[in-house]
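> just coords:
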């Protein structure tokens, strides 16, 4: 990844109790673009894996078991998430910035993660994303 990219989000915060009631009574007052900016779950998992790796390397977290305990998930689930880091770096970047792709999830990427060869990973990822694009049309 070359260069620095900045992402900016706008957050509307209700100031008081009256504002909360107003929001609850008329849901169409919510921004119509909220769904457009929803980050896909796979992108959030990829970011989480990167964050966890940083915590482990920085010795702020001891091991996967501690991560699992803090996150209230199993060690196996932490391992599944962390295996996303075995993807080729350009695939990791694509996942982070990929628009929502129906059906693309961590489970579907497990077969790709098992491949050691990054070129093979890229080919398999291309197949999955193209296949998903064709079925969503």
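Sure, I can see it. Everything quoted here is computed from the prediction, not taken from an experiment.
> Can you give me the neighbour number for residue 77?
15 (other CB atoms under 10 Å). For glycine as for every other residue, the C-beta is placed from the backbone atoms N, C-alpha and C.
> start the count at 48, not 1, going forward
OK, 48 is where the count begins now, so the last one is residue 124.
> Name the nearest residue to it, sequence neighbours excluded.
Using CB to CB, 6 or more residues apart in numbering and skipping residues adjacent in sequence, the residue nearest residue 124 is residue 115, 7.0 Å away.
> in this structure, which ranges drop under the pLDDT threshold?
48-84, 179-184 (pLDDT under 70).
> Who are the packing partners of the host helix or strand of residue 176?
Element membership for residue 176 (DSSP states H and E) is helix 165-183. Helices and strands touching helix 165-183, by 3 or more CB pairs under 8 Å, 6 or more residues apart in numbering; DSSP states H and E, are helix 136-144, helix 153-160.
> can I get those helices in JSON lines with mean neighbour count?
Formatted as JSON lines, the helices and strands packed on helix 165-183 follow (neighbours: other CB atoms under 10 Å):
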{"stretch": "helix 136-144", "mean neighbour count": "16"}
{"stretch": "helix 153-160", "mean neighbour count": "16"}
